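Colleague: coordinates only, no sequence provided:
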């Protein structure tokens, strides 16, 4: 459905935000995973017609995004990473206003749209409140509601779960999954679980480049036999870091559980474990950092 | 702790853009006032731009406006933490309330004060600008700036800071703080305005007025230019108390702030809680209408809903923004006063007719829509980005046009609403004044419609510049540059309206003649600029940056694609409109008419003076007979003139050349026939000057007949103003505008001293000296003499033509009104030709036909005018001699000028004065009668006796007309009431002295200086008739008139009048008085003190009090020297205070003349009743700068 060919973007200050991105994104949920500053938002904005890449082409359902942005916008639902609202305007009124902008022409249709969406994102009771006074989570839910107006068949969400509490996050992901069966939904995030739970396909993007692409299960099975785990004292961390390729560490009961990447058994009582998506992600990060010849930083 | 809070706050405020923007705005405002000739605060005349007086005045006035800035600083202190949500964190620290509040207040106050320093700084820097006329500058004294800053700025900024800090502490809202500012301003203007109109409150205002404007005015009221240029007002007396009071009040305000400010936030009251829960219940009870499948968009059907929704949102956001609210209130505050006092004359209000309010409304409110257009253009363009809504909005299917169009529609709606609010304010003023004829159509067509279109064009330009700018501030800056540039361009000679964006000219409205003047030109120009605005709109649309991080250069790549289709069509339409209307206008203005800039015009006048002034002394024969045929076609702007002059050589010597002068921008001399002569110099094209050399010299007493033809045709629209004299309804031409004159005349030459110097001319041309007997050959009116006239005027059937002379024929001929006017005795050779659709109110009075020709709706003062004419002519005939006509006419003309002018028996009288005076209140000065009496006084003083063109000449014309009018007023209103006029005239004289540009002269040498011959003249003449006897004075004047009645050269001089008065003087004291009043600039200072009354055994009372007197002679620059006073002065005893209350005769217990000498003396008065007040010169008949201390209350004992 959505295909990106050689998408490259260089900012006026020389920063190469996107470097030859090639992706084919089919219908369904697509997870775009990457650390902060990897170029995810630049890519999202480019697809959402807000930025014109320096080179490369993007097409959706056969429409060239750069030359016919109007056609894309008519089918697009976009939730930016960060957004503000007009002062002194209520949730209901602003959603109604957004519905007009998106082309819901009649009053009755707008009423259905607005009320259904407010109920779906659980903002019905707060509909008469000024959004400027909303909490971060409520505001995010409003953002989701507006992105769903008018049955878009390309939905781009940039860090949608940031600021949501677990319950809200579940509700949101369920909503997306429901819609995501028939349309393209791009979920850009740095939270691995979002992708792991939902997305049949995903890509990892680091430093403006696609490092990895595939279905999470394939990617996980690719790591089989290369992830090794050991529980160590926190004080030993730096010593291990010097000798092993640590891809992640987490604390458990006051001690550190570390994962290292190794084709063969690294010894020292490391145990082979079945990696999760998180390991895939951190492995990719670690590799790309090694490629770019930078010191390994703890994930 | 206090120190660090203070430092933090100061640093914060100084880094805040508000500080820089404020300082910049006030710097520019002041800099403009100092360096532009059009704007002047405190200076002007002989008062230097950088005089201590001008510095103080500027600082004072600016401190009033600075209130809006001060509030931004101090209210921010309070509101900031609440808005940023940082408040609870700060307040939960250990900082004490005292340190917190006062430390921050001090920081903000200091920041405000630093910002204010931009004002004196701008004056200082401005005074060094090279283009300033060096004569308007004094030496730079830094101490003067420091004095003004410390004495006026510091307390003024302190009190506004303190008051609005207190308001903000209570209100906890920026918006409400600004409401507080506006309420404060309204109250301030209301109270000072009301109190200012009553002189008895002057002292109170001076003391309590919080900005020190009153106290400063009190100290400097009658300062001469000399004093204004050198003195700073001493901080003592009223000024000291006022400043101390202000500081005290500031402390009180700070205490209030401290007391009312609470660290904790207010919760909701139980009632509010209940209301909230009811609301909540209601909201909960409604359930959403949920559908399983969301409706799909329809891009084509959404066009209208989008336009409406976007417009509504944009409009709503403007209407609900605090800035809009503040701007409207600011505008209303300013225009309220302007409207209330509009067209006030002599302190008497006018009937607030719509046509007379449009101009004051525009003047006082006009800046607000300009600011709204510029300010909100920036807000609208940048709001989505500033609010962070842009990514969401930009990624919707909203078409590109739906960004630009709704913003333009929204700004239009806001502008129209703004102007409607102004109209509403004007109508409220009308109704408050008791005027209920609400003329919505006039407001709409003269104000709302044209002005909102003009402002919309400004908004479109602002949106365009914003769409190209990298930030809102750059966009605003570009608009500011545009505004300054457009003013500068015009002032340096680029005046053509076709390249000054949005220029639509100046429309002058009149009830008589509608918006004819400038009206059609303004609509043509609006059409032309509409085309340009369409193009600009398309450009804005093309360059509208949708998305994130798009530079102008990258936007350029999108332009071609966006331009295709409708935008190209709209641009083409705009181009066609502009091209066609522009070409037409260019043809009108530059091809049919000539485009002449005002600089070129000035240069031409300068060249004219250099080339032709040499001919001034050449003697010319006088016209003694005039036959005129004037054919007016007012509706089509055409007039044709034919004339025959009979000339007599009355110069006493042979005349070899005739100098023909015909200088009018709108009329053409088609031909002139001077028998047996050759045209030896023809500069008619450039200067309207021709010299005919006579084949045979014209011998003394020889006669000659000269005939001419001329026309006045409105050819097309011009770049400069339209002809205001020949108009559809209300034509008023005088003969110099269509008929040739003989001999060089100064009246057209450049007057302004700075302009004259610019063209290497002497700064001024002075009049011939009083001693110059040769100058008595010419009279004050110019190169005219006594003539017999026969004027036939034809005009369209619906109009009545008027010219001086007895009507000897009045008929319809070929569908046109034809009226013949013949003089029955010699008249001065100046004629007015008028024509309009008049209503006539008339009355016969002792064989004289009194007639008022007025606009049908302007008749409400007609009877009062008739009364004034009747009583004036009665008095004048009894006192001065016969009135020379059997008619007396007042004829209204459109208010393109505000004067009344006396022609022979015929007085053109402006629509803007007299006719719209509201004479209902008996306590106001009845200036309708006053002006009418003055003009009919001229039927003697000008139209029977005319004075020579020399020093003192205007005394015999203007001062005597003032005297005549005063005597009429005295007869109507009694001696006790007359002092109101005198006080007004005295005040006007004393206040104007300081503004004298060349030198103040005594009355007998006055050089056409209005404040001397009108104002001082009235006061002086009243005192003279008071002391010498009205009847004796009138007898002397009647003799003077008899001597000069209808006489040609040598013309009368002020010496004739002075000698007349000297002959009336019976003793040395009277002779000295005559000389002091007429031949010197004399200032008196009387004062009374220590009055006690003693009951006498016979039941009467003896009141004794101390009288002190000083007398000074002043020179032309205002430098004074003491002189001995020894004369008779009124001393009186009263039961009401004569300078405040309206006196009835029974309030005057005693009024006698006493001999008073320089220094102090005790005076006693015997009365039957116990007096409450006594005084010396209690009616202020002398020229006394401090009349209030002439009266003293009698102490109880």
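Modeller: Structure's in. What do you need? Fair warning: this is a prediction, and the values are worked out from it, not measured in the lab.

Colleague: okay, CA-based contacts and neighbour counts for the rest of this
Modeller: OK.

Colleague: which pLDDT value belongs to residue 62?
Modeller: No chain in the question, so chain A it is. In the predicted model, residue A:62 carries a pLDDT score of 88.

Colleague: hmm, no, I was thinking of chain B.
Modeller: Looking at residue B:62, its pLDDT is 86.

Colleague: that one falls within a helix, correct?
Modeller: Yes. Under DSSP: H, G, I helix; E, B strand; the rest coil, residue B:62 falls within a helix.

Colleague: can you report how many residues lie near it?
Modeller: Neighbour count for residue B:62, taken as other Cα atoms under 10 Å in any protein chain shown: 18.

Colleague: residue boundaries of the strands in chain A?
Modeller: Per DSSP state E, chain A carries strands over the ranges A:2-10, A:16-25, A:28-33, A:55-60, A:63-64, A:76-79, A:154-158, A:184-189, A:201-206, A:209-214, A:227-232, A:246-252, A:255-261, A:271-272.

Colleague: can you list the neighbours in contact with the last one?
Modeller: Contact with strand A:271-272 is made by A:225, A:226, A:227, A:228, A:229, A:230, A:265, as judged by Cα atoms under 8 Å, 6 or more residues apart in numbering or on different chains.

Colleague: just flag the most distant two among those residues.
Modeller: A:225 and A:230 (14.5 Å; Cα to Cα).

Colleague: let me see the contact set for residue 20.
Modeller: Let's take chain A. A:5, A:6, A:7, A:8, A:56, A:209.

Colleague: hm, I was asking about chain B
Modeller: Counting by Cα under 8 Å, 6+ apart, residue B:20 makes contact with B:14, B:115.

Colleague: at 6 Å what do you get?
Modeller: Counting by Cα atoms under 6 Å, 6 or more residues apart in numbering or on different chains, residue B:20 makes contact with nothing.

Colleague: for it, helix, strand, or coil?
Modeller: Residue B:20 ends up helix, using three-state DSSP.

Colleague: tell me the angle of the lowest-mean-pLDDT helix or strand in chain A relative to strand A:201-206?
Modeller: The helix or strand of chain A with the poorest confidence is helix A:277-291; it has a mean of 77 (mean pLDDT, DSSP states H and E). With axes from the mean of the first three to the mean of the last three Cα atoms, to 10 degrees applied, the angle from helix A:277-291 to strand A:201-206 works out at 30 degrees.

Colleague: could you list the buried residues of helix A:277-291?
Modeller: Within helix A:277-291, the residues scored as buried using 16 or more other Cα atoms under 10 Å in any protein chain shown are A:277-289.

Colleague: which residue ranges form the helices in the stretch 351-500 of chain B?
Modeller: Secondary structure of the stretch 351-500 of chain B by DSSP state H, counting those that start in this stretch: the helices cover B:354-365, B:367-387, B:390-394, B:401-432, B:440-443, B:449-468, B:472-491.

Colleague: what distance do you get for whichever residue of the stretch 501-650 of chain B sits closest to chain A to residue B:405?
Modeller: Using Cα to the nearest Cα, the closest approach of the stretch 501-650 of chain B to chain A is made by residue B:547 at 3.9 Å. Distance, residue B:547 to residue B:405, using Cα to Cα, to the nearest Å: 18 Å.

Colleague: tell me how far residue B:333 lies from chain A.
Modeller: Computed with Cα to the nearest Cα, to the nearest Å, the distance linking residue B:333 and chain A is 27 Å.

Colleague: about what we covered before: present the helices of the stretch 351-500 of chain B as a markdown table; the columns should include distance to chain A, mean pLDDT and mean neighbour count.
Modeller: Compiled in a markdown table, those are given as follows (distance: least, Cα to the nearest Cα, whole Å; pLDDT from 0 to 100; neighbours: other Cα atoms under 10 Å in any protein chain shown):
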| stretch | distance to chain A | mean pLDDT | mean neighbour count |
| --- | --- | --- | --- |
| helix B:354-365 | 29 | 86 | 21 |
| helix B:367-387 | 5 | 85 | 20 |
| helix B:390-394 | 7 | 89 | 22 |
| helix B:401-432 | 9 | 90 | 20 |
| helix B:440-443 | 34 | 93 | 16 |
| helix B:449-468 | 17 | 91 | 23 |
| helix B:472-491 | 17 | 78 | 16 |
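
Colleague: make JSON lines out of these and add distance to residue B:1163.
Modeller: Listed next are the helices of the stretch 351-500 of chain B as JSON lines, based on distance: least, Cα to Cα, whole Å:
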{"stretch": "helix B:354-365", "distance to residue B:1163": "51"}
{"stretch": "helix B:367-387", "distance to residue B:1163": "58"}
{"stretch": "helix B:390-394", "distance to residue B:1163": "86"}
{"stretch": "helix B:401-432", "distance to residue B:1163": "49"}
{"stretch": "helix B:440-443", "distance to residue B:1163": "61"}
{"stretch": "helix B:449-468", "distance to residue B:1163": "65"}
{"stretch": "helix B:472-491", "distance to residue B:1163": "62"}
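
Colleague: give me phi/psi at the residue lying closest to residue B:99 once chain neighbours are set aside?
Modeller: Spatial nearest neighbour of residue B:99, chain neighbours left out: residue B:2 (5.0 Å); criterion: Cα to Cα, 6 or more residues apart in numbering or on different chains. For residue B:2, the backbone dihedrals (degrees, to the nearest 10) come out as phi -60, psi -50.
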